Every structure is written in structure tokens, then in C-alpha cells.
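pasting the structure only:
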Ligand SMILES: Cc1ncc(COP(=O)(O)O)c(C=O)c1O
């Protein structure tokens with residue numbers, strides 16, 4: 001969506017570069033910001049589609065590298081609630097960094113994508129400036145009431161997050177056991193490689209009643225963690241496909 005939104009506002013958009021294993025070091029990220037001097041940088045942590053998180057050292061380095069160009073750094077933490085316990089949020093870096101913005105959404109951990117509610121934390125100067133440029137009627141009263149109700153029930157909703165994290169970790173270890181290469185995930189999905197023909201595997205899973213995501217990266221697929229039953233259906237179908245056995249629709 002970022003390039004699409006940029007093109008809709010006539011804004012130039014440059015895709016940053018990651019290492020071959022999709023990692024991003026503080027040094028590489030800072031160098032790219034120094035070279036390009038962008039007005040705004042987006043850092044997704046955990047990243048989509050790899051599910052991998054960024055160390056806070058990367059955020060700090062990018063922020064410092066953006067000092068001469070006064071670059072605004074937006075850390076997209078859409079999936080942060082799914083991160084392993086103890087993973088620090090970029091929220092902890094906000095004090096004293098007035099060019100830093102941390103954005104979140106209610107679409108993922110709160111399972112409320114239909115409400116279309118996102119939010120951000122930033123210095124008051126930034127939030128005040130945004131009030132001047134935001135659309136006048138951007139959140140309906142009903143949407144706001146829905147978001148407040150979800151916050152009210154956050155303990156129950158976060159319990160579902162813990163279940164999803166358990167299934168996510170189960171997927172990673174089971175895929176490793178099957179000889180595949182799952183990326184370390186701090187998200188609610190697992191990006192995995194080691195597939196000779198990902199599209200055939202994707203189709204085989206679909207034929208078995210399991211829909212996962214072909215994100216168009218060679219040799220890889222991405223699967224979202226679901227309930228224990230859904231995860232079992234995925235893992236069993238995948239194992240049968242890899243073994244070259246026919247799969248019966250679920
Ligand atoms: C990295 C990332 N950020 C933000 C979002 C935003 O979600 P929404 O527009 O539903 O709030 C998504 C959704 O897929 C995402 O993958």
C-alpha cells in the first residue's frame with residue numbers, strides 16, 4: 001500500500017534494499033538514508049511478508065542518519081502484539097525524538113480489519129501538524145465506538161493473540177522438521193522457503209481446502225497462523241504434498 005498511496009499523492013517512492021536473507025542491519029539502513037535523504041522513511045517491524053522484526057539499533061541508526069535531511073521516521077508496528085515476549089517497541093525510543101512516529105492498527109491483534117482503524121504515537125508537534133492535513137471526516141463515530149469497545153475487551157482479545165503466537169511457533173518448528181526454511185517470525189504468519197515449486201504446493205494446499213499466500217518471492221510461501229485445528233489441517237496437508245501423496249479436501 002505504501003507505493004500505491006505515494007503514487008496517489010504524487011510522491012516519489014524508493015524501495016530500500018535488504019540483505020539476501022531479508023535481514024536489515026543498522027549500518028545498511030543508515031547508509032541508504034544518508035545516500036537518499038528522503039523526507040519520510042517507513043520501517044516495518046515486524047516486516048511483511050517476512051515476519052522478521054528489526055532491532056531498535058536499526059531505528060536509532062536510521063533516525064540519526066536522517067538528522068541532516070530532517071527525515072521523518074515511521075516505524076510500522078502493525079504486528080507488534082505478536083512479537084515474542086520481551087521484544088522492545090519503538091515506542092520506547094519516542095522521548096526526545098520528535099521526528100519519530102510509531103504506527104499501529106486494530107486490524108491484526110484486535111481482528112478488526114473491517115473497522116479500518118489505525119493509530120499512531122508521536123510528539124505533540126507531529127500530531128498537531130497532522131490535524132491540519134488529515135481528511136475532515138476520516139473516522140466515523142461508529143468506528144470510534146467499535147474501537148473503544150475492542151479496547152474495553154482487550155484482555156479477551158489478547159488471549160487470542162497468545163493462542164496465535166503458539167500456533168506460529170508450532171508452524172516454524174514443524175516446517176523446520178520437514179526440512180523447509182521458515183524465517184524467524186515475530187508476526188502472526190510464517191514466511192518459508194526451501195520449496196522447489198511453491199505454486200504447486202500452494203495449489204495442492206488449496207485443493208485440500210487450505211488457502212495460504214503466494215507472495216511472489218521465488219521458492220517461498222507465507223502462511224498465517226490460525227486456530228490449532230486450522231494449523232493442524234495446514235501442516236498435515238503440507239506434509240502429504242511434500243511426500244508426493246494425494247490430498248483429500250478438508
Ligand atoms: C506491515 C503492515 N502495515 C500496516 C498494515 C495495515 O493494515 P490496515 O490498513 O488494515 O490497518 C498492514 C496490513 O496488511 C501491514 O501488513
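Received, thanks. Remember, predicted model here, so these are calculated numbers, not experimental data. Numbering: from 1, shown residues only.

can we go C-alpha only for contacts and neighbour counts from here?
Will do.

in the helix or strand where residue 144 lies, what counts as buried?
Following DSSP states H and E, one finds residue 144 within helix 141-152. Counting neighbours by 16 or more other CA atoms under 10 Å, one finds that the buried residues in helix 141-152 are 147, 150.

is the ligand contacted by that helix?
No. Counting by CA under 6 Å from any ligand atom, no contacts exist between helix 141-152 and the ligand, the nearest distance being 12.3 Å.

quick one: residues in contact with that helix.
106, 110, 115-117, 157 (CA atoms under 8 Å, 6 or more residues apart in numbering).

with pLDDT, neighbour count and distance to residue 221 added, can I get these in TSV?
Compiled in TSV, these are given as follows (pLDDT from 0 to 100; neighbours: other CA atoms under 10 Å; distance: CA to CA, whole Å):
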residue	pLDDT	neighbour count	distance to residue 221
106	95	20	25
110	93	19	25
115	92	16	28
116	93	13	27
117	94	17	28
157	83	15	27
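
now for the residues you listed, which pair is the farthest apart?
The most widely separated members of those are 116 and 157, with 17.1 Å between them, by CA to CA.

picking up where we left off before, roughly how far is the helix holding residue 144 from the heart of the chain?
Taking CA atoms, centre = their mean, to the nearest Å, the mean C-alpha location of helix 141-152 is offset from the chain mean by 23 Å.

please apply the same query to stretch 83-98.
Average the C-alpha atoms of stretch 83-98, do the same for its chain, and the two points are 16 Å apart (CA atoms, centre = their mean).

do stretch 152-169 as well
So, by CA atoms, centre = their mean, the centroid of stretch 152-169 is 16 Å from its chain's centroid.

count of residues packed around the residue nearest to residue 193 when sequence neighbours are not counted?
Excluding the flanking residues, the one nearest residue 193 by CA to CA, 6 or more residues apart in numbering is residue 220, at 4.2 Å. The burial count assigned to residue 220 is 22, neighbours taken as other CA atoms under 10 Å.

now do residue 220 against residue 166, distance only.
Computed as CA to CA, to the nearest Å, the residue 220 to residue 166 distance reads 22 Å.

residues in contact with the helix or strand harbouring residue 132?
Secondary structure from DSSP H and E places residue 132 in helix 124-133. Counting by CA under 8 Å, 6+ apart, helix 124-133 makes contact with 98-99, all of which sit outside it.

any idea of the mean pLDDT in that helix?
For helix 124-133, the mean pLDDT works out to 93.

in this structure residue 176 contacts residue 183, no?
No. Counting by CA atoms under 8 Å, no contact exists between residue 176 and residue 183, whose distance comes to 9.8 Å.
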